[in-house]
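Peer 1: below: sequence and its predicted model.
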Amino acid sequence: MANPWAGEVALVLNGQRHVAKLTLGALAELEAALEAGTLIELVERFEGGRFSSRDVLALVVAGLRGGGWQGTAADLRTVEIAGGPVAAARAAAELLARAFALPGET
């Protein structure tokens, strides 16, 4: 089970449950994947509903890798995410919110 107090979010890929978490290493990987802009800009895009599918993909990959998944963005493009793109976007938003929330805020 994902622990929201630890910043974890659950995702089901090809029928298998995974835990995602934006660790410091995952956040650094996310910054590199974005190639431009900052994490603050990414948070603002999500808060304003102006995020792209590229943002969602980068966040989900970083979170999954922070949770121990060994895949890549190319791998994620070929799997079925339970709940589809909406569930992926929701998980990405939750990852961001939980990574930057103070204890007791989420």
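Peer 2: Here it is on my side, so go on.
Peer 1: buried stuff in the longest helix anywhere in the chain?
Peer 2: Longest helix in the chain, counting residues (DSSP state H): helix 84-100. Neighbour counts using 16 or more other C-beta atoms under 10 Å place 88, 89, 91, 92, 93, 94, 95, 96, 97, 98, 99 of helix 84-100 among the buried residues. C-beta: built from backbone N, CA, C; applies to glycine.
Peer 1: what are the neighbouring residues in contact with the closest residue in space to the fourth one that isn't next to it in sequence?
Peer 2: Among residues not flanking residue 92 along the chain, residue 59 sits closest, at 3.8 Å (C-beta to C-beta, 6 or more residues apart in numbering). Counting by C-beta atoms under 8 Å, 6 or more residues apart in numbering, residue 59 touches 22, 30, 42, 92, 95, 96.
Peer 1: what pLDDT does the second one get?
Peer 2: The confidence metric pLDDT takes the value 83 at residue 30.
Peer 1: what's the answer for the fourth one, then?
Peer 2: According to the model's per-residue confidence, residue 92 sits at a pLDDT of 92.
Peer 1: assess the claim that it and residue 51 are in contact.
Peer 2: Yes - counting by C-beta atoms under 8 Å, residue 92 touches residue 51, with 7.5 Å between them.
Peer 1: hang on, the earlier thing: can you redo the contacts of residue 59 as TSV with distance to residue 74?
Peer 2: TSV is the format used below for the contacts of residue 59 (distance: C-beta to C-beta, whole Å):
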residue	distance to residue 74
22	20
30	16
42	21
92	18
95	20
96	23
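Peer 1: what about the residue nearest to residue 92, which helix or strand?
Peer 2: When secondary structure is defined using DSSP states H and E, the element that contains residue 59 is helix 53-66.
Peer 1: got the angle for that helix vs helix 84-100?
Peer 2: Between the axes of helix 53-66 and helix 84-100, defined by axes from the mean of the first three to the mean of the last three C-alpha atoms, to 10 degrees, the angle is 60 degrees.
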